[in-house]
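J.: Based on what follows, work out the 3D shape:
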Amino acid sequence: MVHDFASELYDTQRVSDATYAKAVERFGHQVVINLVGLLGYYALVAMTLNVFDMRAAGQDSLPFAG
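T.: This next block holds a predicted model:
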């Protein structure tokens, strides 16, 4: 359920009424609010790291295609 919710949110920047209802039924309203916040924060951090081409200490390249 979390994967479906996150995938839909990242793919469309929204979730359908059906997906939202399933998530609220399974986890409750407060947890869905927290999930959206967590997914948004992850996207913010990921974009920031990508834009500024950040690497871990001593890492010269990414382990995957960039």
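
J.: now this structure, which segments are flagged as low pLDDT?
T.: 66 (pLDDT under 70).

J.: which stretches of it form helices?
T.: Ranges of helices in the chain, per DSSP state H, are 2-12, 17-27, 29-51.

J.: just the angle between the first one and helix 17-27, please?
T.: Between the direction of helix 2-12 and that of helix 17-27, the angle (axes from the mean of the first three to the mean of the last three CA atoms, to 10 degrees) works out to 150 degrees.

J.: which residues touch the residue nearest to Tyr20 when sequence neighbours are not counted?
T.: In space, and not counting its chain neighbours, Tyr20 is closest to Val32: 7.2 Å by CB to CB, 6 or more residues apart in numbering. C-beta coordinates here come from the backbone N, C-alpha and C atoms, glycine included. Going by CB atoms under 8 Å, 6 or more residues apart in numbering, Val32 touches Phe5, Tyr20, Ala23, Val24.

J.: Need the max-distance pair from the residues you listed.
T.: Longest distance between any two of the contacts of Val32 is 10.3 Å, between Phe5 and Val24; criterion CB to CB.

J.: higher neighbour count, these two?
T.: Phe5 (21 against 14; other CB atoms under 10 Å).

J.: could you measure the more buried one against Val36, distance?
T.: Separation of Phe5 from Val36 (CB to CB, to the nearest Å) stands at 9 Å.
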